[in-house]
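Okay, structure incoming, though there's no sequence with it:
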């Protein structure tokens, strides 16, 4: 018997078994794990955390951190609160200099897939400034109300800023006032709100006014000359009103909303993306926060039909940067919403993506490294 040949066969079998196991793991589990260090001065990192069907983005600077949204799906197969904490705890262990402190926590709107982890955040970490749209109703209203109560407590050090839509109609949007300013990068880290909670005095139809998605706090982060736009679940119902104030007509690229990194509205839904806002934003790259097409049930991407093919097609036409390191990639997109969370063969189809469009449901956690002059580097399925 050829002993060397047996050894070779055994080694090949072990490799094949390992590859098979790797192919069955989640995107986060099978990723090459980059070793992150504290960003140098003039650099930052945006972690679009995989919280399933929902949204949470950790913004890491050389001397501070901020968090936009805290929610995702929770069911028998996935726990977004656990996923979020299991990302943040190692992050703060690495960034011991931050002393488990978030300079800013911003909740875009009072829906549970954006607020679910808020009680955990407020109990496990120190929050200096808390920002939301002021609502205390909706599926996530209870969590926002609890945050308001904490901020009003005389013993609390946390300050609260409620952002309403009438307030943002100023040049450059409404500055978000941090109780403890972020001193890194010579104070060149600026957050501005470009939309917020609707008010009864506006010329809104009853349907628009009652739609909590249209109350989303749209936030622009300026990091030197580099910009990020976080849109929450803002729907096309109110896009025109935002564009009318900040951008010229006809719709075209405009300085006020021009964006390097676009966090796609409403998890890539058909009603969160439109040609006019994409023409104004002209993003280098886009990131969608949503769940995978392989997990059906309540609060899943399958149940909502996210991301929708029509939105992805529009992004393919608008995003200016090619997808790296390889393109095109084959992904699953929805032709229509699921029925009671049950997937069927004609609801999701394979699509080919060549532009810099990333999604937590396809890629796991997406991490974007940025400098202050429009340079971006993307890692997918990143670890803290």
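Structure received. This one's a predicted model, so the numbers in the text were calculated from it and none came from an experiment.

What ranges in this protein fall below the confidence cut-off?
Applying pLDDT under 70 to the chain picks out residues 1-34, 337-346, 382-383.

what ranges do the helices span in it?
Counting by DSSP state H, the chain has these helices, from start to end: 3-24, 27-30, 80-94, 112-115, 118-124, 141-152, 165-168, 206-210, 239-246, 275-281, 301-304, 309-318, 360-363.

So which of the ones you listed is nearest residue 130?
Residue 130 lies closest to helix 141-152 among those, at 5.5 Å (CB to CB). To be clear about C-beta, it is placed using only N, CA and C from the backbone, and glycine gets the same treatment.

Buried ones in the closest one, by neighbour count?
By neighbour count with 16 or more other CB atoms under 10 Å, helix 141-152 contains the buried residues 141, 142, 143, 144, 147, 148, 150, 151.

just the residues you listed now: which is nearest residue 265?
So of the buried residues of helix 141-152, ranked by how close each gets to residue 265 (CB to CB), first place is residue 144, at 19.6 Å.

Thought residue 136 was touching that closest one, still the case?
Yes: the criterion here is CB atoms under 8 Å, and residue 144 meets it with residue 136 at 5.8 Å.

shared neighbours of these two, anything?
With contacts taken as CB atoms under 8 Å, 6 or more residues apart in numbering, residue 144 and residue 136 have residue 110 as neighbours in common.

before we move on, the earlier item: going by distance to residue 366, which of the buried residues of helix 141-152 wins?
In terms of CB to CB, no member of these lies closer to residue 366 than residue 143, at 24.7 Å.

Which residue is the nearest non-sequential neighbour of residue 66?
residue 104 (4.0 Å; CB to CB, 6 or more residues apart in numbering).

what's near enough to touch the one you found?
Residue 104 makes contacts with 66, 67, 127, 128, 129, 130, 131, 176, 178, 191, as judged by CB under 8 Å, 6+ apart.

The last one - nearest residue in space that isn't next to it in sequence?
Setting aside the residues directly before and after it, residue 191 is nearest to residue 176 in space (CB to CB, 6+ apart), at 4.0 Å.

on that earlier part again, output the contacts of residue 104 as a markdown table; include the columns neighbour count and distance to residue 314.
Below are the contacts of residue 104 laid out as a markdown table (neighbours: other CB atoms under 10 Å; distance: CB to CB, whole Å):
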| residue | neighbour count | distance to residue 314 |
| --- | --- | --- |
| 66 | 26 | 29 |
| 67 | 24 | 28 |
| 127 | 24 | 36 |
| 128 | 19 | 37 |
| 129 | 23 | 34 |
| 130 | 25 | 33 |
| 131 | 26 | 29 |
| 176 | 20 | 29 |
| 178 | 18 | 34 |
| 191 | 25 | 27 |
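
Pull the most distant pair out of those residues.
127 and 191 (14.6 Å).

what about residue 71, how many neighbours?
Residue 71 has 29 neighbouring residues, counting by other CB atoms under 10 Å.

Was I right to think it contacts residue 114?
Yes: when contacts are counted by CB under 8 Å, residue 71 is listed as touching residue 114 (4.4 Å).

all strands of the stretch 101-250 of the chain, in order?
Taking DSSP state E, counting those that start in this stretch, the strands of the stretch 101-250 of the chain run over residues 101-106, 126-132, 159-162, 174-175, 189-193, 219-223, 226-230.

got a list of contacts for the shortest one?
The reference is to strand 174-175. Applying CB under 8 Å, 6+ apart, the set of residues contacting strand 174-175 from outside is 163, 167, 168, 190, 191, 192, 193, 194, 196.
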